[in-house]
Every structure is written in C-alpha cells, then in structure tokens.
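Asker: here is the input, now give the coordinates:
(one chain, ligands or ions: 1)
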Amino acid sequence: MQRRILTGDRPTGPLHLGHYVGSLKNRVALQDEYDTYILIADIQALTDNFEHPEMLEANIMEVALDYLAVGLDPNKVKFVVQSMVPELTELTIYFMNLVTTATLERNPTLKAEIQQKNFTKGLPVGFYTYPISQAADITIFKAHLVPVGEDQLPMIEQTREIVRRFNRLYDKVLIEPKAMVGEVARLPGTDGGAKMSKTLGNCINLGDPPEMVRKRVMSMFTDPTRIHPTDPGHVEGNPVFTYHDVFNPDKAEVEELKDRYRKGTVGDVEVKERLYKALTEFLAPIRARRVELAASPDDVRDIIREGTRKGRALAQQTMDEVRAAMKLRYALG
Ligand code: TRP
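Answerer: Numbering: from 1, shown residues only. Predicted coordinates:
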C-alpha cells in the first residue's frame, strides 16, 4: 500500500516563504511517492479568529491558489476543507479523554502562541485544545508522514502519544505518524525575528508583487553591530545572508558577498539588491501561475470540492473502525 501524507495550514491569509521552506517544498517533492492529503484547517483558524469567521472563505481560496502555484498537482494531491469533514470533530472529542491538561500546558508552541496572542487573561478552551484537534486531523487520514515547519513538532509528538494510548486501550486502528521538517527548518522574519508570521508583518508572501518584495527586502534587518559599510560585518545569524543561502542559486556570488561583508568591502544595499534579484526570480513563476489560476476560481473550487469528497470518504472509513474499536457500534441503528 502507498504510504500517506497529511499536513495542513490555517486559512488566515496567503502563504509565505517560511511556509515554502518549512513544508511546501517537501510536499511538492513527495507528492509522487505519497498519497497526499492537505487540510485547509478552517476550524483551527477559528480558534484564534472566532470573531472574524467571514474571512475564512476567501482565505481558503488564497491558500489553495498557493498550493497550486508552487506545483502541488491536483491530480495527485487532495485539498480537504476541515469543517466539511465533520468526522474530525467527533474524533477530536474522543481524543480529549486521552489527553491531560498538564500535557497541553507543557506544549512549547501552544505556550508561545498563548503569550503572543495575549490570551494570558482568558484562554479560550477551543484554542487551548487545538493540538488535540490536530491529532485528529493527522490520524483520521491514517498518515505516516507529516511535513511541517519546526514549530509544529510538539503537535506531532502529542499525536503520537494519543495514538499509543488509543491503540493500547481500544484496538490497533491508528497509525503513529512521523514529522518531517524542511532542510531549512525555520526561516527568520524580515525583521530578524525568530520566524515569519503574518501577525508580526515580517513576511514575504508567495504571491507578493515585485514592489512589495523590494520594500520588504530593502527594509530587512541585518547586522546591528555594523554602522558603516566599511565596518567588518557578521554573516552568521544575519537574516539577509540566511535568505541568500536559501534562495540565491548562485553560490559563488553568495560566497563572494559574505567574504566582502566580513571584510567591510560591501554595503547592505548591494547585498539586498542581489537578494531582491534572487527572490524575484524564484517567485516570478509562482506568481505567474497564481495570477493565471486566480482568473478561474470555479476550477479551483472544483479541485477543493473533489479533494474534500475523497478526504471525507477516507475519514468516514477510519471512523467506522474507531467506533468499532471503542465499542460504540451499538445494535440500535
Ligand atoms: N497547526 C498548523 C499550522 O498552524 C496547521 C495544521 C492544522 C496542521 N492541522 C494540521 C499541520 C495537521 C499539520 C497536520 O500551520
């Protein structure tokens, strides 16, 4: 049997370069080898956007456009809308019995998000428990592999714990998944912050026009200890060079720039100009495909509808097995 991938994104806006290096690149590379399902996680997006449900529909389209634009092939990959698979909600409720509050409290990603979102005063239960819902996402599709950004590793670990408990308690129905992180596990934000994040406004989106890419690159954080272009500068930990390493295919140019930067014989502006060029060359075909696809929204909707139909069929099959394992198939129907 072909091995399976499940991964997903919250449809809160278009995807950015951080998503690409952390996960999208792996998904594209593995789509021939794995039976791939990608969840557009609108229920999870609601957990911190419940006051703005009206933004989800447009963003489901944005995310699907990004998937197609980076080269995910809809003949192979299924895009599944989370809220259109109600079985996920049922499985989440069953999983809630298998997780303690202490385990949730230890989840470092959840902790960081609670801080960042200012939920320190009142933490909605929906947000607090989203790692459990994410475990349902992964296991209902019986995924073996979950390509994700580094920040998602605690979610996969939580999922593995739930699977072990479920299989031991009830019956061996679920698969213990493995995470897979991109070669570049985490891309810093353009402000030098730990990661790209929409709420921090330090992203370059996959569909950004060149003017926007230019604006972001030219205002990028570099080496704070360097005042003049003739000062010797630091390359390590300098986000402009991190981006060069990832997106500039001309390795000789990158080495030359690093060398001159260390010696103080190149200014930030030149290093950024070269990065701008590399980034726009990388993004141009993605953006072109995105613009073309955006002109046929009905085709994109058909792709999502079909993926969701296949995803739901698989989820229903797993839930039959889950209910049987849990002795919930009563002779009452
Ligand atoms: N939590 C993921 C994110 O914020 C999105 C997501 C939802 C996900 N369900 C998933 C990722 C299942 C992997 C597997 O990006």
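
Asker: now do the strands in the stretch 101-250 of the chain.
Answerer: 145-148, 178-181 (DSSP state E, counting those that start in this stretch).

Asker: and those: which comes nearest the ligand?
Answerer: Closest approach to the ligand among the strands of the stretch 101-250 of the chain is made by strand 145-148 (5.0 Å; Cβ to the nearest ligand atom). Any C-beta I mention is one placed from the backbone N, CA and C, and that applies to glycine too.

Asker: before we move on, the earlier item: just put the strands of the stretch 101-250 of the chain in a markdown table and tack on mean neighbour count and mean pLDDT.
Answerer: Below are these laid out as a markdown table (neighbours: other Cβ atoms under 10 Å; pLDDT from 0 to 100):
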| stretch | mean neighbour count | mean pLDDT |
| --- | --- | --- |
| strand 145-148 | 24 | 96 |
| strand 178-181 | 17 | 96 |
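
Asker: tabulate those strands (CSV), appending distance to R329.
Answerer: Below are the strands of the stretch 101-250 of the chain laid out as CSV (distance: least, Cβ to Cβ, whole Å):
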stretch, distance to R329
strand 145-148, 29
strand 178-181, 30
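
Asker: between the ones you listed, which gets nearest to N26?
Answerer: Closest to N26 of these is strand 145-148 (Cβ to Cβ; 4.0 Å).

Asker: got the CA positions of the closest one in CSV?
Answerer: Output of strand 145-148 as CSV, limited to C-alpha atoms (Å, rounded to 0.1, in the frame of the first residue of the first chain):
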residue,chain,number,x,y,z
LEU,A,145,4.3,11.3,7.4
VAL,A,146,3.6,14.9,8.3
PRO,A,147,5.7,17.5,6.5
VAL,A,148,5.6,20.6,8.7
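
Asker: show residues contacting that strand.
Answerer: Applying Cβ atoms under 8 Å, 6 or more residues apart in numbering, the contact partners of strand 145-148 are 3-7, 22-23, 26-27, 30, 34, 138, 152, 155-156, 159, 177-182.

Asker: biggest helix in the protein by residues?
Answerer: helix 297-325 (DSSP state H).

Asker: tell me the buried residues in it?
Answerer: By 16 or more other Cβ atoms under 10 Å, the buried positions in helix 297-325 come out as 300, 303-304, 307-308, 311-312, 314-315, 318-319, 322-323, 325.

Asker: picking up where we left off before, and the ligand, which of the contacts of strand 145-148 reach it?
Answerer: 6-7, 138, 152 (Cβ under 6 Å from any ligand atom).

Asker: returning to what we had before: would you list the buried residues of helix 297-325 in CSV and tack on distance to I114?
Answerer: Below are those laid out as CSV (distance: Cβ to Cβ, whole Å):
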residue, distance to I114
V300, 34
I303, 35
I304, 31
G307, 32
T308, 31
G311, 30
R312, 32
L314, 33
A315, 29
T318, 31
M319, 31
V322, 30
R323, 33
A325, 33
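
Asker: great, nothing more from me.
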